[in-house]
Structure formats: structure tokens, C-alpha cells
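Peer 1: below are the sequence and a predicted model; questions follow.
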Amino acid sequence: MNILRGVFGAAFLVATFMGAGCGDDEAAGPKPPTPKIAIYSGNGCWAESITAGQRMFEWMGYRCEVVGAQRINTEGLDGFNILYIPGGNMYQYALDISSTGKANVRSFVSNGGGYIGICGGAYFASRHIRWQGTDFIVESLQLFEGMAVGPVDQIEPYPGFDMCEMAIVDHAHPITSPAPASEWILYYWGPALIPDTGVQVSILGRYAITNQPAMVAFSYGKGRVFLIGTHPEIEEDSSRDSVVFGDELDDQGSEWDLMKRATRWCLKK
């Protein structure tokens, strides 16, 4: 009996050890950290775009941290996966983010980070900027080899705002492949995004009224960039964005799913 108990006991220990070593959790390994979004907040930023953007990324399940110009200028963006620059005054962004800070952003994206630019953040990312017919002489990020031209008065004369129809023109891209034929999105002085001749970018959407590019995606070094001239972060018919701007407008459906796909694309997921 003692011998039998010894045999059964040894077999039990072996089975227990094998089970512990081959469990699903250990076989899968440790989970990767949740991606972290740097949300730019500084002089000239539109507060509603910051708040709604943060709520949107949190809804997606990502971590967020608000960063200012000084952080970008002196420390860079180590520890983040994406930089989100919201709507606002791109001229002020260019003044506050120094040449070193701009180089830090380009290095961050080139080394594999993502950049999401909404309206003012799309202007700021562009090599050339034209505002109300005048070329801005300003040091921009120059991620986008093209021109940001605005406002588009055919949609709503400046300084007004309104919903606008964006025609989805690339249904093969991961960001827009499941998208409808068009999206209705808040327009608030944003740019058309016109690539320089020969530049390889994916034009995903165009302003329906002018047929000008309004949403683009492209690679920059090892990283990825998504720019849009409208405000998909704002939920006109929902309180989940924590802002009331534009609540009197007809959203005709949320764009957060579109932005979720854009964010995952920037994360290479």
C-alpha cells in the first residue's frame, strides 16, 4: 500500500506540475501594456476638442495623458504610442512647440509612433499652410508633404460651423473599408489636405461639396499619420463626449467607430 501511494503521489505531482506549466495564461505570456495616447493641450487649443478626444480614446479602452508644449520640447514623447493634436490655432501651436519639440515629434513618429491630427492638428502637420488665401510663413511639423488649405467657405462661410458631408472614396483601406458611402461630420474651419505631386498618401475621404481631400492616412518612417479636416471627436447627439458644443446639430450617426479604426491603424493593430 505504501508503494502504491508513492506511485500515485508521484503521478499526481507530475500531472500538477505539467498543468501549471501549460496553462492558458502562461502559454500566452504577459499581456502587452495598454497603448497610451498623448493629448496635446496648450495655448490655442480648442478645449472641447481636447475633452471630446480624451473621452473618445477612453471609450476605445486606451490610456490618456495630457501633455503641453514644454513636455514635448524638453522630454519628447517616450512612453506614448500616439500623439493627438486637437482642433485649435495651428499658428499658436507653431509658436509654442519649439524647433526641438517639432523635431521630437518627427522622431517619435519616424521611430514607430502614431500621429492623429484633427482640424488645427491637421494644419499643423502639413508642410504648407494656406489660410483665407494667404500662405502662412510658419514652422510646422511637416509630416504631411502637401498643403492644408482653409477654411472651406463652400461648406460654411467663416467663422461659422455646420455639419458637412464627407464622401468616403477608399473602401479598401482598413480605416474606411466598412464605412458607409459618406459620413456627416462637424465642420469648424478645417482644411482641405492636398498632397504634393507624386507624394504617396491614401486619400480616404473628400468634402462632398468641393471634392477636395479631407481625410488622409500615410506612413512616416516606421510610424503612421492620420489627418482629418473635420471634427469626428464631437458627438452632436450624445453626451458621452462630455461637451455640449453642436448639440443642436444633426449628427446622423457617430464617427467614433471610424476613429477607432484610425487609431488601431496608427497602432498597427
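Peer 2: All right, it came through fine. Numbers count the residues shown, from 1 in each chain.

Peer 1: please, where are all the strands along the stretch 1-150 of the chain?
Peer 2: Using DSSP state E, counting those that start in this stretch, the strands of the stretch 1-150 of the chain run over residues 36-40, 63-67, 82-85, 114-118, 126-131, 134-135, 144-150.

Peer 1: direction included, what does the third one pair up with?
Peer 2: To tie it back to what came earlier, the one meant is strand 82-85. strand 36-40 (parallel), strand 114-118 (parallel) (DSSP bridges).

Peer 1: centre of the chain to it, how far?
Peer 2: Computed by Cα atoms, centre = their mean, to the nearest Å, the separation of strand 82-85 from the middle of its chain amounts to 6 Å.

Peer 1: same check on the second one?
Peer 2: On the basis of Cα atoms, centre = their mean, strand 63-67 is displaced by 13 Å from the centre of the chain it belongs to.

Peer 1: cool, and the longest one?
Peer 2: Relative to the centre of its chain, strand 144-150 is centred 17 Å away, using Cα atoms, centre = their mean.

Peer 1: same for it, what does it pack against?
Peer 2: On a contact count with 3 or more Cβ pairs under 8 Å, 6 or more residues apart in numbering; DSSP states H and E, strand 144-150 meets helix 120-125, strand 126-131, strand 192-195, strand 213-220. Where C-beta positions appear, they are placed from N, C-alpha and C, glycine not excepted.

Peer 1: for that strand, which positions count as buried?
Peer 2: Buried residues in strand 144-150, counted by 16 or more other Cβ atoms under 10 Å: 144, 145, 146, 147, 148, 149, 150.

Peer 1: who touches stretch 165-175?
Peer 2: Residues from elsewhere that reach stretch 165-175, judged by Cβ atoms under 8 Å, 6 or more residues apart in numbering: 176-177, 179-185, 202-209, 211, 214-215, 217, 226, 230, 258, 261-262, 264-265.

Peer 1: flag every buried residue along it.
Peer 2: Going by neighbour count (16+ other Cβ under 10 Å), the buried part of stretch 165-175 is 165, 166, 168, 169, 170, 173, 175.

Peer 1: between the two ends of that stretch, how far is it?
Peer 2: 17 Å (Cα to Cα, to the nearest Å).

Peer 1: before we move on, the earlier item: possible to save the strands of the stretch 1-150 of the chain as CSV with distance to residue 74 and mean pLDDT?
Peer 2: Converted to CSV, those look like this (distance: least, Cβ to Cβ, whole Å; pLDDT from 0 to 100):
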stretch, distance to residue 74, mean pLDDT
strand 36-40, 14, 98
strand 63-67, 11, 98
strand 82-85, 15, 99
strand 114-118, 19, 99
strand 126-131, 25, 98
strand 134-135, 31, 97
strand 144-150, 25, 98
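
Peer 1: so which of these comes closest to residue 91?
Peer 2: Ranking the strands of the stretch 1-150 of the chain by their distance to residue 91 (criterion: Cβ to Cβ) puts strand 126-131 first, at 8.3 Å.

Peer 1: what's that closest one in contact with?
Peer 2: Contacts for strand 126-131 (Cβ under 8 Å, 6+ apart): 90, 123, 135-136, 138, 140-151, 191, 193, 196, 227.

Peer 1: low-confidence stretches in the stretch 1-150 of the chain?
Peer 2: Filtered on pLDDT under 70, the stretch 1-150 of the chain yields the residue ranges 1-28.

Peer 1: re earlier: the contacts of stretch 165-175 in helices, which ones?
Peer 2: 258, 261, 262, 264, 265 (DSSP state H).

Peer 1: out of those residues, who's nearest residue 97?
Peer 2: Distance to residue 97 across those (Cβ to Cβ) is lowest for residue 262, with 22.6 Å.

Peer 1: how many residues are close by that closest one?
Peer 2: Residues contacting residue 262 under the criterion other Cβ atoms under 10 Å number 26.
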